[in-house]
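> I'll drop the sequence and a predicted model, then ask my questions.
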Amino acid sequence: MRLPSLVLAILLALATPSAATEDDLLTTIEGHVFNKFTGVPLEGAAFVITIFDELGTRLGEATGYSDSNGFYVAEVNVNFTVRLEVSCRTNRGVVTALVSPPRLGPEIVRRDAYLEVSRNRSFTACLASPLTN
């Protein structure tokens, strides 16, 4: 008896173990973005967390922006290696910092970023998104 392809696909899906296991834990990476010269928090700084497997193959990324207090937060899987990059667009160009890669575990990982954007204390927000053109 020949099974219709839809029934066969369903049976294969049920027989295949799920890729997600209890080992696939999420952890939170959070921190603040500051102007390195003044210590003032930066609003609108973009962060990119690039995710790699154990062989160094890029799997994807999590992106976002710091809020009005310079705070950012993202969740990533603890089973992968990550690289955290923070950037801010100013009227003189984009300033970027590579933040030390966090060691991931089930607890919250905190990484603050310090960008050399301006010596002027009134500079508190990035001008536009560095993630888009």
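Yes, it's here.

> Break down this protein into its helices, ranges please.
Assigned by DSSP state H, the chain shows helices spanning 5-15.

> Residue nearest the middle of it, spatially speaking?
Nearest to the centroid of the C-alpha atoms of the chain, with distances taken as Cα atoms, centre = their mean, sits Ile49, at 2.8 Å.

> Quick one: residues contacting it.
Contacts for Ile49 were tallied using Cβ atoms under 8 Å, 6 or more residues apart in numbering; they are Ile29, Glu61, Ala62, Thr63, Ala74, Val76, Val82, Arg83, Leu84, Glu85. For the C-beta atoms, the positions are set from N, CA and C on the backbone; glycine is no exception.

> let's see it at 6 Å
With contacts defined as Cβ atoms under 6 Å, 6 or more residues apart in numbering, Ile49 is in contact with Ala62, Ala74, Val76, Val82, Leu84.

> hey, what's it bridged with?
Each beta-bridge partner of Ile49 is listed here, defined by DSSP bridges: Ala62, Leu84.

> By mean pLDDT, point me to the weakest helix or strand of this structure.
helix 5-15 (a mean of 37; mean pLDDT, DSSP states H and E).
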